[in-house]
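1. Build the 3D model from these lines:
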Amino acid sequence: MWLSWRIIGATCLGVVVGLASHALIKDAALRAELTGALGTINTVFIRSIKMIVAPLVLSSLMAGIGRMGGEVTAARIAVRALLWFLAASCAAILIAFLVVTSFGPGVDLHLRVTTASAPRVVAMTASGFVTNLVPTSIFSALAENEILQIVVFAVIAGLVLHRVGDDATLILKLLDASTRLMLQMARVIVAFSPIAIFASVAVALAQQGGSIFAAYAAYLGEFYLCLGILWGAIILAGAAAMGRKRQWRLLIAIREPALLAFAATSMEVAYPTLLARLENAGVSNRIASFLLPLSYAFNLSGSLCYCVFATLFLAQAFDVKLSPFQITQLLLMILVPSKGIANVPRSSILVVSSVLPYLGIPDSGLILILAIDYVLDMGRTATNLLGTAVAVTSVAKWERPSCELLVENT
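-> Residues are numbered from 1 along each chain as shown. A predicted model of the protein is given here:
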């Protein structure tokens, strides 16, 4: 909560400084010098975020897939769960795409791309895309932040990890340690986010003036419209899988962990409470303990919805024209890396940052959306938790179709 208040204070201070600069500094050269200095802060923050993306994707995704190998029963449960996760992910992508393209919250911004912020534009062809999937070296892929290549390596390594025998346990421990290290680094970097947010808001308002507020209002409202539609889809799917009465009892049971996740913008905080609520609701500990971490890693429908919405918003804001092929590639590139990002506050920014260079969208856009990211993170984290609870309970019911999963006195 202390970080939240700092972010709010930094945003307000950035508004004051930005509007004052836009109104009082008439000399374009002087204003450019001021925004350039503040832009340096943005650049440092963005580079700090991007430097942990590749190792975090590699370690978390490889460990998550590696734990799926082995026992036939676990494999069957995992396949059923992953099919559910895939369906939820496709629904989240479709909803976000339809809303952002229908309303166009960033269309009227017309933000400029400076030479300093211009990204490396990757020429996209079908053959080039397929060829680029396979890395020549995992070390070069890590050095160049080639997320798709890292994902391919992590998937292959995770699938065959159980074949190395007893050493698999050691490798998983090392991967878990690496993931925890990256998350600790992420927390340290996020602690400095109020400074970057102040700079980003001040730069945006110094350049654009107060007209940018209208764009933020549309961005916020239309994203929560996305989440509202997604909630409806998740609840309907849960009712179809479990029945309306069981679905209603589940929604009542998860109120407390949902509020915890919403307030703290982290599902990690709600994990123990959610596990207890699911077990009280009749889901066996064996299934809940297996599926809950899997869902935490692979079923982030709220975050996925945000990643699509935010990336297309930035494309609109910077007047980046995307062909149907580019849009399809964008959605696939968001879908796959999002399955390996740990569920911590502001982790969705890592996914967005990983796909921007492929489409020629400037990195400076990250700071623009980060200014109100906390408010959006509350909604998408609560959505992640709802999707996780419904998915775990539904898959558990398929494993025990003749048993009553939700007790009457939940």
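
2. all strands for the stretch 301-410 of the chain, in order.
-> Across the stretch 301-410 of the chain, reading from the start of the chain, there are no strands by DSSP state E, counting those that start in this stretch.

3. That one: helices as residue ranges?
-> Here the stretch 301-410 of the chain has its helices, by DSSP state H, counting those that start in this stretch, at 301-317, 324-338, 348-359, 365-370, 373-399.

4. if we compare these, which one ends up closest to residue 45?
-> Ranking the helices of the stretch 301-410 of the chain by proximity to residue 45 (CB to CB) places helix 365-370 first, at 7.0 Å. Using the backbone N, CA and C atoms, a C-beta is placed for each residue, glycine as well.

5. helices or strands next to that closest one in the packing?
-> Helices and strands in packing contact with helix 365-370 are listed as helix 28-50, helix 193-208, helix 301-317, helix 348-359; criterion 3 or more CB pairs under 8 Å, 6 or more residues apart in numbering; DSSP states H and E.

6. mind saving the C-alpha coords of it as PDB?
-> Extracted C-alpha coordinates of helix 365-370, given in PDB (Å, rounded to 0.1, in the frame of the first residue of the first chain):
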ATOM      1  CA  GLY A 365       5.000   3.600 -24.600                       C
ATOM      2  CA  LEU A 366       5.500   1.300 -21.600                       C
ATOM      3  CA  ILE A 367       5.900   4.300 -19.300                       C
ATOM      4  CA  LEU A 368       2.700   5.800 -20.800                       C
ATOM      5  CA  ILE A 369       0.600   2.800 -19.800                       C
ATOM      6  CA  LEU A 370       2.500   2.300 -16.500                       C
END
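
7. Tell me which residues are up against that helix.
-> Taking contacts as CB atoms under 8 Å, 6 or more residues apart in numbering, the residues outside helix 365-370 that touch it are 42, 45-46, 49, 111, 193, 196-197, 199-200, 203-204, 219, 310, 313-314, 317-318, 346, 349, 352-353, 356.

8. show me the residues around residue 267 that make contact.
-> 261, 274, 296, 343, 381, 384-385, 388 are the contacts of residue 267 under CB under 8 Å, 6+ apart.

9. hmm, 7 Å instead?
-> When contacts are counted by CB atoms under 7 Å, 6 or more residues apart in numbering, residue 267 touches 261, 296, 343, 381, 384-385.

10. would you turn those into TSV with neighbour count?
-> Output for those, formatted as TSV (neighbours: other CB atoms under 10 Å):
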residue	neighbour count
261	29
296	19
343	25
381	31
384	27
385	26
